[in-house]
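Q: fold the following and give me the result.
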Amino acid sequence: MGGMGRSFNGSYAEYALLPTHHVFPVETALIWEEMAAISETYFTEWGSLFQCFRLTKEDKLLVRSVTCALGYVAIQLAKSLGCTVVGTTYRESKMELLKEAGCDECILDDGNLRGKVSGVTKALELIGIKTVKDTMMCMEQGGIVCNTGVLGKVYDWNHFDSIKDIPNGVCLTGFYSNYPITKMMQDIFSFMDAHQLKPLIGATYDFDNVREACIALDEGKVNGKIVVKVGD
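A: The predicted structure follows:
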């Protein structure tokens, strides 16, 4: 996000003063609330799938811990291309959501996927370092794993051995979402319009109810993006 909410004040504010390079002109058929749901989430998934993976319709994509905002977007974008998508969750109560979201295969994740999935050519790792070794062991030769999320809350890979820890013939990459550019943002909106896609909004709140929006975010009970609407 280029430092928004960290280097620059303004998170959950009606107005924010930011450098001009944080603002991108875009053309889209989406309405304001839908545009608000694109932002960093779609940028992160777009970069992971199309810059890091160069995803094509022939790929079989594994999305590890799919029941989060990033996971839902990954399914939407991948299925719009015609990919086969395998989704995992560690909550049995979320299994039905995986099917509703469009996953072709749904797996209850106990931390060990090796031997439970086959034919995977691309894998989006949203848990992070905690499970990335196991994810790499599930890949076909020439497969690519993109470490994009840190839901596992493990941030440092101690004693990482790039020769022993990465299986032969498997590639490991990652996507860092701190440097958006105008062209990539417009590419995202153009793709959404061309495929007649809408962002996955779980709940919308008026600005006067921003407190309730934050509570919903902290509790993790909303499936999809939370949008706060300012004005009419």
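Q: okay, CA-based contacts and neighbour counts for the rest of this
A: OK.
Q: give me the neighbour count for Gly82.
A: Gly82 is flanked by 13 other residues according to other C-alpha atoms under 10 Å.
Q: can you check Asp104 too?
A: With neighbours defined by other C-alpha under 10 Å, the count for Asp104 comes to 17.
Q: that one and Gly82 touch, don't they?
A: No - assessed by C-alpha atoms under 8 Å, Asp104 is found out of contact with Gly82, at 11.1 Å.
Q: tell me what the lengthiest strand in the chain is packed against?
A: Identified as the longest strand of the chain according to DSSP state E is strand 139-147. Applying 3 or more C-alpha pairs under 8 Å, 6 or more residues apart in numbering; DSSP states H and E, one finds that strand 139-147 makes contact with strand 120-125, helix 129-136, strand 171-174.
Q: next, the buried residues of it.
A: Using 16 or more other C-alpha atoms under 10 Å as the test for burial, strand 139-147 gives Met139, Gly143, Ile144, Val145, Cys146, Asn147.
Q: list the contacts for the closest residue to Gly152 other than its chain neighbours?
A: Once flanking residues are discounted, Gly152 sits nearest to Ile127: 4.7 Å by C-alpha to C-alpha, 6 or more residues apart in numbering. Residues near Ile127 by C-alpha atoms under 8 Å, 6 or more residues apart in numbering: Arg64, Ser65, Gly149, Val150, Leu151, Gly152, Lys153.
Q: count of neighbours near the closest residue to the fourth one other than its chain neighbours?
A: When the adjacent residues along the chain are set aside, Val150 lies closest to Gly128, with 4.6 Å between them (C-alpha to C-alpha, 6+ apart). Gly128 has 25 neighbours, counted by other C-alpha under 10 Å.
Q: is Gly128 in contact with Gly152, as I believe?
A: Yes - at 6.0 Å, Gly128 counts as touching Gly152 under the criterion of C-alpha under 8 Å.
Q: and the residue nearest to Val150, what is it in contact with?
A: Asn147, Thr148, Gly149, Val150, Leu151, Gly152, Lys153, Val154, Tyr155.
Q: which among these end up buried?
A: Among the contacts of Gly128, those scoring as buried are Asn147, Thr148, Gly149 (criterion: 16+ other C-alpha under 10 Å).
Q: from these, pick the one nearest Met192.
A: For the buried ones among the contacts of Gly128, the closest approach to Met192 (C-alpha to C-alpha) belongs to Thr148, at 21.4 Å.
Q: gap between that closest one and Leu108?
A: As for Thr148, its distance to Leu108 is 20 Å (criterion: C-alpha to C-alpha, to the nearest Å).
Q: and Gly111, what does it touch?
A: With C-alpha under 8 Å, 6+ apart, Gly111 has these contacts: Thr131, Asp134.
Q: from Thr173, how far off is it?
A: Distance from Gly111 to Thr173, by C-alpha to C-alpha: 21 Å.
Q: what helix or strand is Glu34 on?
A: Per DSSP states H and E, Glu34 falls inside helix 32-36.
Q: so which bits of that helix are buried?
A: Glu33, Glu34, Met35, Ala36.
Q: could you do stretch 191-210 as well?
A: Met192, Pro199, Leu200, Ile201, Phe207, Val210.
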